[in-house]
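> Could you work out the structure for the sequence below:
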Amino acid sequence: MSEKIFVPPHTETEQILVRLWQELLDRDRISIEDNFFELGGDSLLAIQLTTKIKNTFQIELPIEKLLQATTITKLAEAIEEIIFAEIAALDEAEAEQLSQSN
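Down below sits the predicted model:
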């Protein structure tokens, strides 16, 4: 069995997710390429993780996204997509309000 290479977090989102996984999975060292379920995650911990993500990032992450994005790298991308989509929606709503006030 080959040893996996440790890849540290590069972004703030990845750093936050590493801390959340460390807490939930009771592990000290987590690579951003590690698989949540291979590290001992299960459906109950996945639900707890989505709750922690909701509280930390103020977003709704469907459990299906977590089941598809099983590494920190992929999960960070999914979270950032949701955040950027929400920002874009806010920008559109703000632009709409400005155009209606003129």
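
> surely Q48 meets L24?
Yes: counting by C-beta atoms under 8 Å, Q48 does reach L24; the two are 6.0 Å apart. Any C-beta I mention is one placed from the backbone N, CA and C, and that applies to glycine too.

> Between the two, which is the more surrounded one?
Neighbours per residue, other C-beta atoms under 10 Å: of Q48 and L24, the larger number sits with L24, 18 against 15.

> That one - nearest residue in space that isn't next to it in sequence?
Taking C-beta to C-beta, 6 or more residues apart in numbering, and ignoring the residues beside it in sequence, L24 has L45 as its nearest neighbour in space, at 5.3 Å.

> just checking, what packs against the host helix or strand of that neighbour?
Using DSSP states H and E, L45 sits within helix 43-57. Counting contacts by 3 or more C-beta pairs under 8 Å, 6 or more residues apart in numbering; DSSP states H and E, helix 43-57 packs against helix 12-25, helix 63-68, helix 72-101.

> rewinding a little: list the contacts of the residue nearest to L24.
The contact partners of L45, taken as C-beta atoms under 8 Å, 6 or more residues apart in numbering, are L24, L25, F36.

> If we use 10 Å, what do you get?
Residues in contact with L45 (C-beta atoms under 10 Å, 6 or more residues apart in numbering) are W21, L24, L25, F36, F37, L39.

> A46: neighbouring residues, count only.
The local packing of A46 (other C-beta under 10 Å) involves 17 other residues.

> same deal with the one 5 residues further on?
T51 sits with 11 neighbouring residues when counted by other C-beta under 10 Å.

> does it really touch F57, like I thought?
No: in this structure, T51 is not within contact of F57 by C-beta atoms under 10 Å, at 11.4 Å.
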